[in-house]
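A.B. asks: Compute the structure for the input listed below.
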Amino acid sequence: MTRGSGQEPDRRQPRNALRRAKRLSRAGQQVSLNTLPEMSAPFQAIAHHTPEHEEAVEKAFNRARKQRTRASSDGYAAMGKAGSGLAD
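C.D. replies: Presented below is the predicted three-dimensional model:
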């Protein structure tokens, strides 16, 4: 697929977040320590509003929900086996 066709992104190009991280890494070697956070803040804000970030956050929340559900159901099963008198 060629660049700029609008149909599919060229996978050889780094994604925007990676490109910005590399730019910050290179800038960190040249700018003062006070300047680097000022440069990083807008890049981070932009990265938080990308479809990739939203997808990753959604996956993380779903994984946490599954773990929480599994832990609570395991906890109830353990309580019944602990000899509480309810399972006897």
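A.B. asks: longest single helix anywhere in this protein?
C.D. replies: Determined from DSSP state H, the single longest helix within the chain is helix 51-81.
A.B. asks: Just the buried positions in that helix, please.
C.D. replies: Judged by neighbour count (16 or more other CB atoms under 10 Å), helix 51-81 contains no buried residues. Where C-beta positions appear, they are placed from N, C-alpha and C, glycine not excepted.
A.B. asks: tell me the domain ranges of the protein?
C.D. replies: Domain assignment for the chain by automatic domain parsing gives 15-49, 50-88.
A.B. asks: what comes up buried for the shortest one?
C.D. replies: The one in question is domain 15-49. So for domain 15-49, counting by 16+ other CB under 10 Å, buried means A17, R20, F43.
A.B. asks: tell me which element the second one is part of?
C.D. replies: Read that as R20. Using DSSP states H and E, R20 falls within helix 16-28.
A.B. asks: Identify the residues contacting that helix?
C.D. replies: P14, L36, M39, S40, F43, I46, A47, T50, E52, H53 (CB atoms under 8 Å, 6 or more residues apart in numbering).
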